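[1] Give me a model of this one.
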Amino acid sequence: MPVEFLSDDEAAAYGRNAGVPTRAELEKMFFLDDADRKLIGRRRGDQHRLGFALQLTTARFVGRFLPDPLEVPAEVIDYLADQLGVTDVSQIKQYTERRQTQFDHQDEIKKAYGLREFSAVEAEFTAWVDARAWNTGDGKKSISVDGVSWLRTNKVLLPGVPHRRMVDLARYGMTATATTLRRHGPSRQLATLLATVIYLEGKSVDDCLDLLDLLMTTELIGKAETATDKERARQHPKLARHSATLAVAVETLLEVTEYGEELRLEQVWEAIDAMVPRRELKEAVAAVTGMVPPPDADADGQMRALLAERIATVSGFLKTLTAVIEFGANAEAQRVLAAMKTLPRLLDGRKKKVTEDDIDVALVTGSWRRLVFRAGSHGSTVDKNAYTMCVLTQFHRHLKRRDVYAEASARWRDPRGQLLDGADWAAAKGPALTDLQLPEHPETLLAEHALVLHLALRDVAARLGTEGVDVTVDQEGRLHVARLQAMPEPPSLVDLRKRVAGMLPRVDLPELLLEVMGRVPAFEAAFTSVAGGVSKLADFTSR
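    Residues are numbered from 1 along each chain as shown. Model prediction:
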């Protein structure tokens, strides 16, 4: 069933446990009555009794059997185990070892409690939805909520959504044996195999890109940054000492030229030599020049140089990455993806020389230019290792932002993939706007809301301080209203309340039920358990 009209939380809560049940929900839906215990008691072993009870109460609570019966909060298992006297709840893990047992128990639960599959009532349910939509004009969301109630009332198991169904088939295909699959018809076999292959493909792509992310974050960028920080810390004392020497020389130069007197070069050097020997000054200049990057370099230059030296870590990985995984990209990342696809050819050992014609020069920016275009080459040749890392780091950044994506992946796919476009959106736009009661162009709707807000604010402003209400607005525009005083109750109301209370009989609810049961035959048969079980009235005697 399509669920685009539901929020993510509402769709996620459909047919599954949406968090830990409250104490009231546990007592209503997971309480085992006499009929439940009798049926559960036919099982052998605590793991089967607890697993059967878990499937029974889960179907009662969420309206369907879960693909993984153990996918429930631990509080539910503990509550059922306490009722059944099972002390070691860890035995429940053994319940899923034989999958056929789960299906056998589901069939028995459906027969015992009259539960039906959705396919058995699909025509009836469709007629109900058509009549409901025709008579009430309610939207999809309202009809969906009431439709679930209709199914639950008629003891129909909730149908799964297509994506969830594919996940269930894939999970079943991952655990089923060839012998088990042969028991199904051709269509079920094909659907199971197809769902399993799609699942495995997505998982393998996820694992591959997760590995790439981990490799870039920890082995390459992380270690390069760590090594750069350590080298800077090691050089800091030396850099500070030589920088202090240069500072003394410059300070002396400024002092001797401060008053604007014309001095000969020999006089300037005499003043500097008196403070710092020329030999030490030359050593300081050479040391600082070697440790400080050029003025046009960025702060990542040293780290990027270390990255270029570690090309062997990813060279084999990159030769097959774009060939095996089909990537897509938005407009911002298309050039990076195109450059990424050319890396296998550049990394081929048969190509000894790489020129500017072989790369995308526009992607080489900042300190990468100094690393990619080596001095003395006049731009005719490039360092292919540095260029590879330049492209790879940009590809990784765009991949993290999903500007580059893999369609077959579940975690690294295009986030826009669920949006309708083109003919699909043209077909769905009219009904969607009609159901949501929205205009095609938002300007009209926004203008209406702006007018309503303006009139409301003007009405509030006009009544401020005029009806005995202390209202202020602080400097940040927040509205503050003083606490209102309760109106005194009139004496007539107090007297009426006392008279009515005196006329009511002092009787508890159980006594009232006993009196009614004594006057109305078979009154107790009208009682139905909230959880759908049998009421415990067999041993009850009314007087």
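[2] All the helices of the stretch 201-350 of the chain, residue numbers only.
    For the stretch 201-350 of the chain, helices defined by DSSP state H, counting those that start in this stretch occupy the ranges 223-256, 265-275, 278-291, 301-308, 315-324, 334-347.
[3] Make JSON lines from these and add mean neighbour count and distance to Arg49 to it.
    In short, each C-beta sits where N, CA and C put it, glycine included. As requested, these are exported to JSON lines (neighbours: other CB atoms under 10 Å; distance: least, CB to CB, whole Å):
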{"stretch": "helix 223-256", "mean neighbour count": "14", "distance to Arg49": "54"}
{"stretch": "helix 265-275", "mean neighbour count": "13", "distance to Arg49": "92"}
{"stretch": "helix 278-291", "mean neighbour count": "14", "distance to Arg49": "74"}
{"stretch": "helix 301-308", "mean neighbour count": "20", "distance to Arg49": "60"}
{"stretch": "helix 315-324", "mean neighbour count": "14", "distance to Arg49": "48"}
{"stretch": "helix 334-347", "mean neighbour count": "18", "distance to Arg49": "56"}
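[4] Send over the helix or strand Ser149 falls within as CSV, restricted to the C-alpha atoms.
    Element membership for Ser149 (DSSP states H and E) is helix 140-153. Presented in CSV, the C-alpha positions along helix 140-153 are these (Å, rounded to 0.1, in the frame of the first residue of the first chain):
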residue,chain,number,x,y,z
LYS,A,140,-6.2,9.5,2.6
LYS,A,141,-4.8,9.8,6.0
SER,A,142,-8.1,9.7,7.8
ILE,A,143,-9.4,6.8,5.7
SER,A,144,-6.1,4.9,6.3
VAL,A,145,-6.4,5.3,10.1
ASP,A,146,-10.0,4.1,10.0
GLY,A,147,-9.1,1.4,7.6
VAL,A,148,-6.7,-0.1,10.0
SER,A,149,-9.4,0.0,12.7
TRP,A,150,-11.8,-1.8,10.3
LEU,A,151,-9.2,-4.5,9.7
ARG,A,152,-8.5,-4.9,13.4
THR,A,153,-12.2,-5.1,14.2
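[5] Show me what it is packed up against.
    helix 118-136 (3 or more CB pairs under 8 Å, 6 or more residues apart in numbering; DSSP states H and E).
[6] now could you export just the CA positions of the helix it packs on as PDB?
    Taking Å, rounded to 0.1, in the frame of the first residue of the first chain, the C-alpha atoms of helix 118-136 are listed here in PDB:
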ATOM      1  CA  PHE A 118      -5.900  -9.400   3.900                       C
ATOM      2  CA  SER A 119      -6.300 -11.200   0.600                       C
ATOM      3  CA  ALA A 120      -9.400 -12.900   1.900                       C
ATOM      4  CA  VAL A 121     -11.200  -9.600   2.500                       C
ATOM      5  CA  GLU A 122      -9.500  -7.400  -0.100                       C
ATOM      6  CA  ALA A 123     -12.600  -7.000  -2.200                       C
ATOM      7  CA  GLU A 124     -14.800  -6.300   0.800                       C
ATOM      8  CA  PHE A 125     -12.200  -3.800   2.100                       C
ATOM      9  CA  THR A 126     -12.000  -2.000  -1.200                       C
ATOM     10  CA  ALA A 127     -15.800  -1.600  -1.300                       C
ATOM     11  CA  TRP A 128     -15.700  -0.200   2.200                       C
ATOM     12  CA  VAL A 129     -13.000   2.300   1.300                       C
ATOM     13  CA  ASP A 130     -14.900   3.400  -1.900                       C
ATOM     14  CA  ALA A 131     -18.100   3.900   0.100                       C
ATOM     15  CA  ARG A 132     -16.200   5.800   2.900                       C
ATOM     16  CA  ALA A 133     -14.500   8.100   0.400                       C
ATOM     17  CA  TRP A 134     -17.800   8.700  -1.500                       C
ATOM     18  CA  ASN A 135     -19.900   9.400   1.500                       C
ATOM     19  CA  THR A 136     -17.500  11.400   3.700                       C
END
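[7] Contacts for it next, please.
    Asp138, Ile143, Asp146, Gly147, Trp150, Leu151, Asn154, Val156, Leu157, Leu158, Pro159 (CB atoms under 8 Å, 6 or more residues apart in numbering).
[8] please redo it, this time with the cut-off set to 7 Å
    Asp138, Ile143, Asp146, Gly147, Trp150, Asn154, Val156, Leu157, Pro159 (CB atoms under 7 Å, 6 or more residues apart in numbering).
[9] can you put the residues you listed in a markdown table and add neighbour count?
    Putting the contacts of helix 118-136 into a markdown table (neighbours: other CB atoms under 10 Å) gives the following:
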| residue | neighbour count |
| --- | --- |
| Asp138 | 14 |
| Ile143 | 17 |
| Asp146 | 15 |
| Gly147 | 17 |
| Trp150 | 17 |
| Asn154 | 14 |
| Val156 | 22 |
| Leu157 | 22 |
| Pro159 | 19 |
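[10] Quick check: the two most widely separated of those?
    Distance extremes for the contacts of helix 118-136: the farthest pair is Asp138 and Leu157 at 24.0 Å, using CB to CB.
[11] To Arg369, which of the helices of the stretch 201-350 of the chain lies closest?
    helix 301-308 (10.1 Å).
[12] can you give me the angle that closest one makes with helix 223-256?
    150 degrees (axes from the mean of the first three to the mean of the last three CA atoms, to 10 degrees).
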